[in-house]
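Q: okay, predicted coordinates and the sequence, questions at the end:
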Amino acid sequence: MMPEFTQLVNEAKKEVQEVGPAELKQMQQSGEDFVLIDVRESEEVARGVIPGAIAIPRGVLEVRIDQVTTDKEKKMVLYCGGGSRSALAGWMLKKMGFKNILSLAGGYGGWSKS
């Protein structure tokens, strides 16, 4: 990976809180009110998703987020393949005024291993 990309991701991770797979499963089991968004590309989504997730590729997330919610307080958990793109996507949503954004640490890869 390019050092610039890694630097950008590290900056995003300072702004966007991460949750682990166990914490996500707990949130789902307890019936907590949140939206789960898969920001991977469609060919990745075709290989499997976390149950209950809405697939919106990162490239169109800012354009399409209002189709999911316009509530700036709504809790959202974003995930990608490994946790980098979701942190960047969450950072953008925070810039758009969404306050309650979480990123899944380890992404789909980490979740499917847990």
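A: The structure has been received and is ready for your questions. These figures come from a predicted structure and were not determined experimentally.
Q: strands paired with the helix or strand encompassing Val77, and their directions?
A: Assessed by DSSP states H and E, Val77 sits inside strand 76-79. Paired with strand 76-79 in the same sheet, following DSSP bridges, are strand 35-38 (parallel), strand 101-104 (parallel).
Q: which residues sit against it?
A: Contact partners of strand 76-79, identified using Cβ atoms under 8 Å, 6 or more residues apart in numbering, comprise 19, 24, 27, 34-40, 50, 53, 68-69, 86, 89-90, 93, 98, 100-104, 107-108, 111. For glycine as for every other residue, the C-beta is placed from the backbone atoms N, C-alpha and C.
Q: just the ones of those in strands?
A: Judged by DSSP state E, strands contain the following of the contacts of strand 76-79: 19, 35-38, 101-104.
Q: any chance of TSV for these, columns neighbour count, distance to Ala46 and pLDDT?
A: Formatted as TSV, the ones in strands among the contacts of strand 76-79 follow (neighbours: other Cβ atoms under 10 Å; distance: Cβ to Cβ, whole Å; pLDDT from 0 to 100):
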residue	neighbour count	distance to Ala46	pLDDT
Val19	16	25	97
Val35	17	21	97
Leu36	20	18	98
Ile37	26	17	98
Asp38	27	11	98
Ile101	23	25	98
Leu102	22	25	98
Ser103	28	22	98
Leu104	28	19	98
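Q: of those, which is the nearest to Ala12?
A: Ser103 (8.1 Å; Cβ to Cβ).
Q: show me what that closest one is bridged to.
A: Note on Ser103: beta-bridge partners by DSSP bridges are Glu18, Leu78.
Q: ok, it - contacts?
A: Contacts of Ser103 (Cβ under 8 Å, 6+ apart): 13, 16-19, 77-79, 83, 86-87, 89-90.
Q: show the pLDDT at the most centrally placed residue in the chain.
A: Nearest to the geometric centre of the chain sits Leu78, at 1.2 Å (Cα atoms, centre = their mean). You'll see Leu78 listed with a pLDDT of 98.
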